[in-house]
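Participant: could you look at this predicted model? Sequence included:
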Amino acid sequence: MWIGTKGFVLLVLGFFVCGFQLAFIGTHLPAYLLDRNLGAWLGGAALATIGATNIAGTFICGVVGDHISKKKILVGLYLARAAAVATFVLLPPSDVSTLLFAAVMGFTWLGTVPLTTGIVAQVFGPRYLATLIGIVFFMHQIGSFLGAWLGGLVFEQTGNYDIMWWCVVLAGIMAAFLHLPIDEQPLTSKFSRLQGAVSSA
(Lines give C-alpha, C1' and ligand atoms only; values in the text may rest on other atoms or scores of the structure.)
Protein backbone atom coordinates (compact mmCIF):
# COMPACT_ATOMS: atom_id res chain seq x y z
CA MET A 1 0.00 0.00 0.00
CA TRP A 2 2.62 2.55 1.07
CA ILE A 3 5.06 1.75 -1.79
CA GLY A 4 2.58 2.96 -4.38
CA THR A 5 1.62 6.07 -2.39
CA LYS A 6 2.54 9.21 -4.28
CA GLY A 7 3.74 11.05 -1.19
CA PHE A 8 6.10 8.25 -0.22
CA VAL A 9 7.61 8.11 -3.70
CA LEU A 10 8.17 11.86 -3.63
CA LEU A 11 9.84 11.67 -0.22
CA VAL A 12 12.14 8.92 -1.49
CA LEU A 13 13.12 11.01 -4.52
CA GLY A 14 13.71 14.06 -2.34
CA PHE A 15 15.97 12.13 0.02
CA PHE A 16 17.87 10.77 -2.98
CA VAL A 17 18.63 14.39 -3.91
CA CYS A 18 19.69 15.10 -0.34
CA GLY A 19 22.27 12.32 -0.45
CA PHE A 20 23.49 13.43 -3.87
CA GLN A 21 24.09 16.98 -2.67
CA LEU A 22 25.69 16.20 0.66
CA ALA A 23 28.05 13.50 -0.56
CA PHE A 24 29.30 15.63 -3.43
CA ILE A 25 29.98 18.62 -1.18
CA GLY A 26 31.41 16.58 1.69
CA THR A 27 33.71 14.63 -0.63
CA HIS A 28 34.80 17.27 -3.13
CA LEU A 29 34.62 20.67 -1.41
CA PRO A 30 38.22 20.52 -0.09
CA ALA A 31 39.54 19.59 -3.54
CA TYR A 32 37.44 22.34 -5.16
CA LEU A 33 38.92 24.92 -2.79
CA LEU A 34 42.45 23.77 -3.59
CA ASP A 35 41.61 23.94 -7.28
CA ARG A 36 40.56 27.57 -6.76
CA ASN A 37 43.96 28.32 -5.16
CA LEU A 38 42.65 28.67 -1.61
CA GLY A 39 44.55 27.44 1.43
CA ALA A 40 44.63 23.74 2.29
CA TRP A 41 43.38 24.57 5.81
CA LEU A 42 40.14 25.97 4.43
CA GLY A 43 38.71 22.61 3.35
CA GLY A 44 38.99 21.25 6.88
CA ALA A 45 37.65 24.48 8.37
CA ALA A 46 34.67 24.39 6.00
CA LEU A 47 33.82 20.79 6.89
CA ALA A 48 34.17 21.60 10.60
CA THR A 49 31.83 24.56 10.16
CA ILE A 50 29.31 22.33 8.39
CA GLY A 51 29.47 19.89 11.28
CA ALA A 52 29.01 22.57 13.93
CA THR A 53 26.09 24.35 12.29
CA ASN A 54 24.52 21.01 11.39
CA ILE A 55 23.88 20.37 15.08
CA ALA A 56 21.87 23.56 15.46
CA GLY A 57 20.10 23.17 12.12
CA THR A 58 18.95 19.62 12.75
CA PHE A 59 17.65 20.46 16.22
CA ILE A 60 15.83 23.60 15.10
CA CYS A 61 14.25 21.89 12.08
CA GLY A 62 12.97 19.10 14.30
CA VAL A 63 11.46 21.53 16.82
CA VAL A 64 9.90 23.80 14.19
CA GLY A 65 8.55 20.77 12.33
CA ASP A 66 6.38 20.00 15.38
CA HIS A 67 4.50 23.25 14.86
CA ILE A 68 4.29 23.96 11.13
CA SER A 69 4.11 21.95 7.92
CA LYS A 70 7.14 19.69 7.62
CA LYS A 71 6.97 19.57 3.83
CA LYS A 72 7.05 23.39 3.65
CA ILE A 73 10.22 23.43 5.76
CA LEU A 74 11.73 20.80 3.46
CA VAL A 75 10.88 22.94 0.45
CA GLY A 76 12.63 25.86 2.14
CA LEU A 77 15.70 23.78 2.99
CA TYR A 78 16.19 22.53 -0.56
CA LEU A 79 15.70 26.00 -2.02
CA ALA A 80 18.14 27.43 0.53
CA ARG A 81 20.74 24.84 -0.46
CA ALA A 82 20.27 25.65 -4.14
CA ALA A 83 20.59 29.39 -3.49
CA ALA A 84 23.65 28.91 -1.27
CA VAL A 85 25.45 26.77 -3.84
CA ALA A 86 24.64 29.11 -6.73
CA THR A 87 25.82 32.13 -4.75
CA PHE A 88 29.00 30.35 -3.65
CA VAL A 89 29.91 29.32 -7.19
CA LEU A 90 29.15 32.73 -8.71
CA LEU A 91 31.05 34.77 -6.11
CA PRO A 92 34.83 35.17 -6.32
CA PRO A 93 36.36 32.45 -4.13
CA SER A 94 37.52 33.62 -0.71
CA ASP A 95 37.93 32.37 2.84
CA VAL A 96 34.94 34.39 4.06
CA SER A 97 32.55 33.30 1.31
CA THR A 98 33.58 29.67 1.81
CA LEU A 99 32.94 29.71 5.56
CA LEU A 100 29.62 31.51 5.12
CA PHE A 101 28.62 28.93 2.53
CA ALA A 102 29.65 26.13 4.88
CA ALA A 103 27.58 27.64 7.70
CA VAL A 104 24.44 27.82 5.53
CA MET A 105 24.96 24.33 4.16
CA GLY A 106 25.59 22.97 7.63
CA PHE A 107 22.37 24.49 8.93
CA THR A 108 20.41 22.71 6.18
CA TRP A 109 22.62 19.59 6.16
CA LEU A 110 20.65 17.01 8.14
CA GLY A 111 17.63 19.13 8.96
CA THR A 112 15.92 17.00 6.33
CA VAL A 113 16.17 13.89 8.53
CA PRO A 114 13.74 14.73 11.38
CA LEU A 115 11.35 16.32 8.89
CA THR A 116 11.32 13.40 6.46
CA THR A 117 11.08 10.88 9.28
CA GLY A 118 8.31 12.95 10.83
CA ILE A 119 6.26 12.96 7.64
CA VAL A 120 6.62 9.19 7.24
CA ALA A 121 5.52 8.63 10.85
CA GLN A 122 2.70 11.15 10.54
CA VAL A 123 1.29 9.74 7.31
CA PHE A 124 1.85 6.00 7.74
CA GLY A 125 1.99 5.59 11.51
CA PRO A 126 4.60 3.82 13.64
CA ARG A 127 3.90 0.21 12.65
CA TYR A 128 6.14 0.10 9.55
CA LEU A 129 8.24 3.17 10.39
CA ALA A 130 11.58 1.33 10.56
CA THR A 131 10.99 -0.39 7.21
CA LEU A 132 9.84 2.77 5.46
CA ILE A 133 12.67 4.91 6.80
CA GLY A 134 15.08 2.15 5.79
CA ILE A 135 13.83 2.37 2.20
CA VAL A 136 14.05 6.17 2.24
CA PHE A 137 17.57 6.09 3.66
CA PHE A 138 18.63 3.43 1.15
CA MET A 139 17.76 5.86 -1.64
CA HIS A 140 19.72 8.56 0.22
CA GLN A 141 22.76 6.29 0.08
CA ILE A 142 22.33 5.68 -3.65
CA GLY A 143 22.21 9.44 -4.14
CA SER A 144 25.32 9.75 -1.97
CA PHE A 145 27.19 7.25 -4.10
CA LEU A 146 26.29 9.08 -7.30
CA GLY A 147 27.17 12.48 -5.85
CA ALA A 148 30.62 11.37 -4.76
CA TRP A 149 31.36 9.23 -7.82
CA LEU A 150 30.04 11.63 -10.46
CA GLY A 151 31.94 14.48 -8.86
CA GLY A 152 35.21 12.66 -9.46
CA LEU A 153 34.18 11.52 -12.93
CA VAL A 154 33.16 15.02 -14.03
CA PHE A 155 36.41 16.49 -12.72
CA GLU A 156 38.46 13.88 -14.58
CA GLN A 157 36.59 14.53 -17.80
CA THR A 158 36.38 18.34 -17.68
CA GLY A 159 39.14 19.45 -15.32
CA ASN A 160 36.72 21.31 -13.01
CA TYR A 161 33.58 20.88 -10.91
CA ASP A 162 31.37 23.44 -12.65
CA ILE A 163 28.89 20.96 -14.13
CA MET A 164 28.45 19.20 -10.79
CA TRP A 165 27.85 22.42 -8.86
CA TRP A 166 25.04 23.37 -11.21
CA CYS A 167 23.65 19.85 -11.06
CA VAL A 168 23.49 20.29 -7.28
CA VAL A 169 21.60 23.57 -7.75
CA LEU A 170 19.11 22.06 -10.18
CA ALA A 171 18.65 18.99 -8.00
CA GLY A 172 17.82 21.21 -5.03
CA ILE A 173 15.18 23.10 -7.01
CA MET A 174 13.74 19.82 -8.27
CA ALA A 175 13.58 18.40 -4.73
CA ALA A 176 11.76 21.50 -3.50
CA PHE A 177 9.06 21.10 -6.15
CA LEU A 178 8.82 17.35 -5.48
CA HIS A 179 7.79 18.04 -1.89
CA LEU A 180 5.02 20.52 -2.71
CA PRO A 181 2.34 17.91 -3.65
CA ILE A 182 2.98 15.70 -0.59
CA ASP A 183 -0.12 15.22 1.54
CA GLU A 184 0.83 15.16 5.22
CA GLN A 185 -2.55 13.89 6.39
CA PRO A 186 -2.48 10.39 7.97
CA LEU A 187 -3.62 7.64 5.65
CA THR A 188 -5.94 6.27 8.34
CA SER A 189 -7.88 9.55 8.30
CA LYS A 190 -8.24 9.40 4.52
CA PHE A 191 -9.48 5.81 4.64
CA SER A 192 -11.92 6.65 7.44
CA ARG A 193 -13.38 9.50 5.42
CA LEU A 194 -13.61 7.30 2.34
CA GLN A 195 -15.39 4.56 4.26
CA GLY A 196 -17.76 7.11 5.72
CA ALA A 197 -18.56 8.49 2.28
CA VAL A 198 -19.20 4.98 0.94
CA SER A 199 -21.42 4.09 3.90
CA SER A 200 -23.49 7.27 3.58
CA ALA A 201 -23.92 6.67 -0.15
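Facilitator: Now that the structure is in, tell me what you want to look at. Please read all numbers here as calculations on a predicted model, not as lab measurements. Residues are numbered from 1 along each chain as shown.
Participant: what about the helices in the protein?
Facilitator: With DSSP state H as the criterion, the chain has helices at 6-35, 40-64, 70-90, 95-109, 112-124, 129-158, 162-179, 187-200.
Participant: so what's M174 closest to, chain neighbours aside?
Facilitator: V17 (6.6 Å; CB to CB, 6 or more residues apart in numbering). Placement of C-beta: from N, CA and C, glycine included.
Participant: what number of residues lie near that neighbour?
Facilitator: Per other CB atoms under 10 Å, the neighbour tally for V17 reads 25.
Participant: for it, what are its contacts?
Facilitator: Listed by CB atoms under 8 Å, 6 or more residues apart in numbering, the contact set of V17 reads Y78, G143, A171, G172, M174, A175, L178.
Participant: distance-wise, check the last one relative to K71.
Facilitator: Okay, so that is L178. Note on L178: its distance to K71, by CB to CB, to the nearest Å, is 10 Å.
Participant: compare these two (neighbour count), which wins?
Facilitator: Comparing L178 with K71 by other CB under 10 Å, the one with more neighbours is K71, at 24 against 21.
Participant: state the distance from the closest residue to A40 other than its chain neighbours to G159.
Facilitator: With sequence-adjacent residues excluded and distances taken as CB to CB, 6+ apart, A40 is closest to L34, at 6.4 Å. For L34, the distance to G159 equals 14 Å [CB to CB].
Participant: the more surrounded of these two?
Facilitator: The neighbour count for L34 versus G159, taken as other CB under 10 Å, is higher for L34 (13 against 9).
Participant: the more buried one and L42, how far apart?
Facilitator: Computed with CB to CB, the distance linking L34 and L42 is 9 Å.
Participant: C61 - how many residues pack around it?
Facilitator: If you count neighbours by other CB under 10 Å, C61 ends up with 24.
Participant: quick one, what contacts the closest residue to it other than its chain neighbours?
Facilitator: Spatially, and ignoring its direct neighbours in sequence, C61 is nearest to G111 (3.4 Å; CB to CB, 6+ apart). By CB under 8 Å, 6+ apart, the contact list for G111 reads G57, T58, I60, C61, G62, I73, L77.
Participant: what does L110 give?
Facilitator: By CB under 8 Å, 6+ apart, the contact list for L110 reads N54, G57, T58.
Participant: try L79
Facilitator: For L79, the contact set (CB under 8 Å, 6+ apart) comprises G172, I173, A176.
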